[in-house]
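Novice: show me the folded form of this:
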Amino acid sequence: MLRLFLKLYLILMLPATAAFVLFMYVTDQVMAQMHAEEQRARAGVAFDRAERIITDSRVPDWQGRLKEIEKTFRVEHQIIPLTKALDDFFMSPAERERLGAGDIAWRDRPGGGNVYLRRIRDSDRALRIEWVGSYEYLMVYYTIILALVTLGLCAILWRWTRPLWRDFDRLIHATARVGEGDFAVRAQVGRASLLEPIAAAFNAMASRVEGLLRSHRDLAQGVAHELRTPLAQLRFDMELARTSGDERERFERFASMERDVADLDELVGELLLLARLREAPPYAPREVPAASLIEDVLRRAHEEMRASGRSVAIEPPRHLPESISCDAKALGRALANLLRNAVRYARSKVALTVERGASGTVISVDDDGPGVPPAERNRLFEPFTRVEGSRGRDSGGVGLGLAIVKSVAEWHGGEASISDSPLGGARVSLRW
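Specialist: Numbering: from 1, shown residues only. Next up is the predicted model:
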């Protein structure tokens with residue numbers, strides 16, 4: 001922190017000091033110009049007195065008299081050639097003209113005070129009078145001003161850098177914790193902090209990584225659990241088929257093994273899709289014709305019903321917008337999962353509705369089945385989660401359909417939810 005403080009202090013202090021010195025110089029010049037005539041009048045008295053002493057033949061020791069005046073009034077007298085006076089580097093052109101015309105010219109004196117010059121009448125010389133300023137007073141004055149400026153800048157910088165360094169330290173600590181594998185840590189900085197955008201981005205990154213790791217862990221545990229049953233069934237059927245002498249029984253075992261293989265294939269496909277959705281790049285909205293998307297989803301749902309021998313009426317949307325902002329492939333898969341679940345648990349009817357307004361798009365699938373208890377609704381969106389009873393595993397599925405629906409909705413920047421359906425069963429809605 002000390003290094004940061006010193007760097008900022010030097011960066012601010014040097015320009016501030018230069019600005020202060022320039023300000024004081026400009027102020028002195030302005031004040032001098034404002035009181036120029038008053039100063040000339042004051043100097044005129046001194047010049048008249050000095051010239052009387054110098055030109056008066058009755059004052060043989062005129063230099064001694066001037067020395068006494070110098071001690072009394074803190075001035076210095078000097079007689080110099082006029083050409084040298086006109087060549088004074090620090091004198092402005094306007095003051096040189098005054099000097100050449102016989103008027104009083106002046107300029108600042110380094111260390112405090114002023115220098116006045118006037119041509120001695122009827123000569124080629126000039127009288128130079130220096131009013132010696134109080135050097136000690138100026139030193140004390142400027143020292144106090146610089147000290148106040150220095151302390152003020154120190155206080156301002158300390159007030160500014162201390163919370164900034166504190167937030168830096170928290171961010172560094174949180175980064176180190178994440179590097180050690182603790183993705184639950186978050187960088188806590190104030191809302192008004194300059195580092196708040198960086199901390200927010202860091203927290204979002206840590207949250208996403210934590211979610212990905214948690215989902216991978218849950219998936220790994222779920223896969224290990226879900227694969228155990230069909231694999232055990234396959235092993236059992238293979239053993240029976242190997243030892244059975246009845247042709248019909250062997251045929252039944254082979255058919256059972258085919259079903260288990262189909263279940264495994266469906267499970268692997270759903271797992272791969274879920275993993276791709278959770279690691280997909282940021283969603284880029286695209287306008288997709290709503291009619292063609294819904295038509296394709298309904299066609300697939302009817303084909304699956306014919307293949308499974310189910311007969312449920314699917315009511316298409318009554319009103320469709322011209323287009324839907326979505327990813328057609330991902331949304332089509334999510335809607336296919338919703339219709340498959342609805343058909344599986346419906347008694348006789350399933351309804352699909354699509355609404356698009358200023359607040360976004362909402363697609364809902366209703367059924368007239370047994371519904372979902374309120375306490376189980378949020379849990380159903382987790383992988384390999386099923387509700388006991390009417391919507392259990394014996395009804396079919398691998399427990400990943402609604403997890404895929406939720407991932408699709410979140411990838412679109414929205415959410416999925418379950419509520420009561422007007423048909424009497426469950427309503428599953430996607431909003432984004």
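
Novice: select the longest helix from this protein.
Specialist: helix 196-243 (DSSP state H).

Novice: for that helix, packing partners?
Specialist: helix 135-179, helix 247-278 (3 or more C-beta pairs under 8 Å, 6 or more residues apart in numbering; DSSP states H and E). Placement of C-beta: from N, CA and C, glycine included.

Novice: avg pLDDT for that helix?
Specialist: Confidence for helix 196-243, expressed as mean pLDDT, is 79.

Novice: just stretch 271-289 next, same as before
Specialist: Stretch 271-289 comes out at a mean pLDDT of 78.

Novice: what sits closest to R377 if chain neighbours are left out?
Specialist: In this structure, R377 finds its nearest non-sequential neighbour in I418, 4.0 Å apart by C-beta to C-beta, 6 or more residues apart in numbering.

Novice: count of neighbours near that neighbour?
Specialist: Neighbours of I418 under the rule other C-beta atoms under 10 Å: 20.

Novice: pretty sure it sits in a helix.
Specialist: No: counting by DSSP: H, G, I helix; E, B strand; the rest coil, I418 is not part of a helix but strand.

Novice: can you tell me how far it sits from E270?
Specialist: 19 Å (C-beta to C-beta, to the nearest Å).

Novice: A284 now?
Specialist: According to C-beta to C-beta, A284 and E270 sit 24 Å apart.

Novice: cool, D296 as well?
Specialist: Applying C-beta to C-beta, the value for D296 to E270 is 20 Å.

Novice: give me the more crowded residue out of the two.
Specialist: E270 (21 against 14).

Novice: nearest residue to that one in space, please, no chain neighbours.
Specialist: With C-beta to C-beta, 6+ apart, the residue lying closest to E270 is L400, at 4.0 Å.

Novice: isn't the one you found right up against L272?
Specialist: No: counting by C-beta atoms under 8 Å, L400 stays clear of L272, with 10.4 Å between them.

Novice: when the two are compared, which one has more neighbours?
Specialist: Neighbours of L400 and L272, each counted by other C-beta under 10 Å, are more numerous for L400; the result is 24 against 10.

Novice: quick one: residues contacting that one.
Specialist: Residues counted as contacts of L400 (C-beta atoms under 8 Å, 6 or more residues apart in numbering) are 267, 270-271, 274, 383-384.

Novice: at 6 Å instead, please
Specialist: By C-beta atoms under 6 Å, 6 or more residues apart in numbering, L400 lies in contact with 270, 274, 383.

Novice: from these, pick the one nearest I80.
Specialist: Taking C-beta to C-beta as the measure, I80 lies nearest L274 of these, at 98.3 Å.

Novice: relative to I363, how far out is the closest residue to the closest one other than its chain neighbours?
Specialist: Spatial nearest neighbour of L274, excluding adjacent residues (C-beta to C-beta, 6+ apart): I404 at 5.5 Å. The spacing between I404 and I363, counted by C-beta to C-beta, is 15 Å.

Novice: please say which of those two ends up with more neighbours.
Specialist: Between I404 and I363, counted using other C-beta under 10 Å, I363 has the larger neighbour count: 27 against 24.

Novice: thinking again about what came up before, minimum distance to F89: which of the helices and strands packed on helix 196-243 has it?
Specialist: The nearest among the helices and strands packed on helix 196-243, by C-beta to C-beta, is helix 135-179 at 21.6 Å.

Novice: what mean pLDDT does the closest one have?
Specialist: 79.

Novice: just the angle between it and helix 196-243, please?
Specialist: 10 degrees (axes from the mean of the first three to the mean of the last three C-alpha atoms, to 10 degrees).

Novice: show me what helix 135-179 is packed up against.
Specialist: Here helix 135-179 touches helix 2-34, going by 3 or more C-beta pairs under 6 Å, 6 or more residues apart in numbering; DSSP states H and E.

Novice: hmm, who's touching the helix or strand following the helix it packs on?
Specialist: Downstream of helix 2-34, the next assigned helix or strand under DSSP states H and E is helix 36-55. Outside helix 36-55, the residues within contact range by C-beta under 6 Å, 6+ apart are 59, 62, 65, 77, 104, 116, 118, 127, 129.

Novice: what about 7 Å?
Specialist: Contact with helix 36-55 is made by 59, 62, 65-66, 75, 77, 104, 106, 114, 116, 118, 120, 127, 129, as judged by C-beta atoms under 7 Å, 6 or more residues apart in numbering.

Novice: check the offset of that helix from the chain's centre.
Specialist: Put simply, helix 36-55 sits 69 Å off its chain's centre (C-alpha atoms, centre = their mean, to the nearest Å).

Novice: and it, which residues are buried?
Specialist: By 16 or more other C-beta atoms under 10 Å, the buried positions in helix 36-55 come out as 39-40, 43, 46-47, 50, 53-54.

Novice: for the residues you listed, which one is nearest A174?
Specialist: Taking C-beta to C-beta as the measure, Q39 is the one of these closest to A174, at 66.0 Å.

Novice: which parts of the strand or helix carrying R344 are buried?
Specialist: Using DSSP H and E, R344 falls within helix 328-345. For helix 328-345, the neighbour count (16+ other C-beta under 10 Å) marks 330-345 as buried.

Novice: tell me how this structure divides into domains.
Specialist: 35-133, 197-278, 287-431 (automatic domain parsing).

Novice: most packed of these?
Specialist: Highest mean neighbour count among the domains of the chain (mean count of other C-beta atoms under 10 Å): domain 287-431, with a mean of 18.

Novice: could you check how far that domain is from the centre of its chain?
Specialist: Here domain 287-431 is found 37 Å from its chain centre; the criterion is C-alpha atoms, centre = their mean.

Novice: measure that domain end to end?
Specialist: With C-alpha to C-alpha, to the nearest Å as the measure, the ends of domain 287-431 fall 16 Å from one another.

Novice: and what of stretch 240-252?
Specialist: The first-to-last residue distance of stretch 240-252 comes to 10 Å (C-alpha to C-alpha).

Novice: quick one: residues in contact with that stretch.
Specialist: Here stretch 240-252 has contacts from 253-254, using C-beta under 7 Å, 6+ apart.

Novice: repeat that for stretch 13-31.
Specialist: Against stretch 13-31 from outside (C-beta under 7 Å, 6+ apart): 149-150, 153.

Novice: list just the nearest of those to P81.
Specialist: The nearest member of the contacts of stretch 13-31 to P81, counting by C-beta to C-beta, is V149 at 43.7 Å.
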